[in-house]
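Undergrad: Need coordinates for the following:
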Amino acid sequence: MQNSSLFCPSNVDYWFIYYCWGGFCLFLLIQVRWVSVISQRKIIHLDMDAFFASVEQRDNQKLQGLPVVVGGQPDSRGVVAACSYEARQFGIHSAMPSSRAHRLCPQAVFVAPRIEAYRAVSVIIQQIFRRYASEVEPLSLDEAYLDVSDSEMFAGSATHIAQAIKAEILEETQLVASAGVSYNKFLAKIASDMDKPNGLYVIKPTQGERFVADLAVAKFHGVGPVTAAKMHRLGIQTGRDLRAKSKQQLQAAFGKSAEYFYNIARAIDLRPVCSVRRRKSLGKETTFTTDIADINVLREQLIELSDKLWQRLERDDLQAKTFTLKVKYANFRQISRALSVAQTIKQPSEMHALLLELLLRVELGQQAVRLLGVTASGFAEQGLADNRGRQLELFDVSDKL
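TA: Numbers count the residues shown, from 1 in each chain. Here you go, the predicted model:
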């Protein structure tokens, strides 16, 4: 007689199947609930329009309606820090050499940056942001993310909150901001650029995937010109093309960025809005008025630059393990060299020694140098830097201005 237990599940088997099925259903429920929560987030990205140039036009009525360039003078070796919309019509953009900007628009008015004036306005707009959201993540002097998911203002309408913030900014600063509203940071950031200046663009949860599918990858936040060119070589022109690539294909082409690209192609961005952002690096750089080929002069300039960096590190209570030297030659070719140590650097003399060693690793004496830059990173975990808990300064303006 055959053993019936070979064909009929025991009570233990039934309980095992029951628990497995129950666990699977619970997993699905959690996933559905998580997706629901994420899609219900309400994120606003606020971005001031042509901020530096707009402040200059506001404070000097003679500049209103004119192509204004904030940055170095055209007869110097400076660059464009910002420009008005009137100047942008001539093809001028930030980071462009001022001399080229002048060639594109000889009638442009060049104005030296007034960082303190911009900081003063930034304080006002940040105060306005915090009237409407407890979670505010500043990205720079003139832009920030706001999470208004739990706000009861305007019956919880993120669109109406964005309208109110824009109105208060205009009233209190006489400046215009654009806003993007969506259910994650990636989409909100893109939305704020869609209808500038003085724009308000909304991407709803039901629109996210379709919006991304039709968008050119060159417009994706986080995809720079080099990455966009690489994507184009791989046949990736739009979000739809990007989504067609498997995670393995993206990893082979883009390494650690693959996960980010895989998700944003599906309109997924789980990053929270963080009120306090830990600084990852801190740098200083200087562009020389004339190219320098003398090695001794370059050493002196490097020490002077590193002293300025050390002052900032001390002020912000930061101790670094990695230092990077950037060199731009007279022909605009740029290279960088980095050194990391096991323990954080605690004396400026130690930092000097590291940077001088890096200077020996570049083509000194072979080409004249146009620019030197130094950056500290790899900050100590405890440290801001000795557990005092002091919040880092939220804004920083590069010496490039």
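Undergrad: which residues of the stretch 51-200 of the chain fall in helices?
TA: 51-59, 85-88, 98-104, 115-132, 158-173, 185-192 (DSSP state H, counting those that start in this stretch).
Undergrad: Could you save those helices as CSV and add columns showing mean pLDDT, mean neighbour count and distance to Val217?
TA: In this view, the C-beta of every residue, glycine as well, is placed from N, C-alpha and C. What follows is the helices of the stretch 51-200 of the chain, written out as CSV (pLDDT from 0 to 100; neighbours: other CB atoms under 10 Å; distance: least, CB to CB, whole Å):
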stretch, mean pLDDT, mean neighbour count, distance to Val217
helix 51-59, 96, 23, 27
helix 85-88, 96, 19, 23
helix 98-104, 94, 17, 27
helix 115-132, 94, 16, 30
helix 158-173, 97, 18, 26
helix 185-192, 96, 25, 12
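Undergrad: Pipe the ones you listed into CSV and attach distance to Glu143 per row.
TA: Compiled in CSV, the helices of the stretch 51-200 of the chain are given as follows (distance: least, CB to CB, whole Å):
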stretch, distance to Glu143
helix 51-59, 8
helix 85-88, 17
helix 98-104, 23
helix 115-132, 9
helix 158-173, 12
helix 185-192, 8
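Undergrad: Nearest to Leu364 among those helices would be which one?
TA: The closest approach between Leu364 and any of these, judged by CB to CB, belongs to helix 98-104 at 26.7 Å.
Undergrad: C-alpha coordinates for the closest one, CSV please?
TA: Taking Å, rounded to 0.1, in the frame of the first residue of the first chain, the C-alpha atoms of helix 98-104 are listed here in CSV:
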residue,chain,number,x,y,z
SER,A,98,33.6,87.9,-20.7
SER,A,99,35.6,88.8,-23.8
ARG,A,100,33.4,86.4,-25.9
ALA,A,101,30.2,87.8,-24.3
HIS,A,102,31.3,91.3,-25.4
ARG,A,103,31.9,90.1,-29.0
LEU,A,104,28.4,88.6,-29.1
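Undergrad: Next, the spatially closest residue to Ala218 that is not a sequence neighbour: secondary structure please.
TA: Across the structure, with CB to CB, 6 or more residues apart in numbering as the measure, the residue nearest Ala218 apart from its sequence neighbours is Ala228 (4.2 Å). Three states are possible here, and by DSSP: H, G, I helix; E, B strand; the rest coil the one that applies to Ala228 is helix.
Undergrad: wait, isn't Ala228 in contact with His221?
TA: No: shown here, Ala228 and His221 do not form a contact pair, counting by CB atoms under 8 Å, at 11.9 Å.
Undergrad: so which strand or helix has Phe261?
TA: Taking DSSP states H and E as the definition, Phe261 sits inside helix 258-264.
Undergrad: So which elements touch that helix?
TA: Helices and strands in packing contact with helix 258-264 are listed as helix 239-243, helix 247-254; criterion 3 or more CB pairs under 8 Å, 6 or more residues apart in numbering; DSSP states H and E.
Undergrad: Now the element after that helix, going C-ward?
TA: Toward the C-terminal end, the helix or strand that comes next after helix 258-264 (DSSP H and E) is strand 281-292.
Undergrad: Could the C-alpha coordinates of that following strand be exported in CSV?
TA: Once side chains and other backbone atoms are set aside, the C-alpha atoms of strand 281-292 remain, and they are given as CSV (Å, rounded to 0.1, in the frame of the first residue of the first chain):
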residue,chain,number,x,y,z
SER,A,281,33.6,69.6,-0.7
LEU,A,282,35.0,73.1,-0.3
GLY,A,283,37.2,74.8,-2.8
LYS,A,284,39.0,78.0,-3.8
GLU,A,285,40.3,79.0,-7.2
THR,A,286,41.8,82.1,-8.9
THR,A,287,42.3,83.2,-12.5
PHE,A,288,45.6,85.1,-13.0
THR,A,289,45.5,88.4,-14.8
THR,A,290,48.5,87.2,-16.8
ASP,A,291,49.7,83.6,-17.4
ILE,A,292,52.3,82.4,-15.0
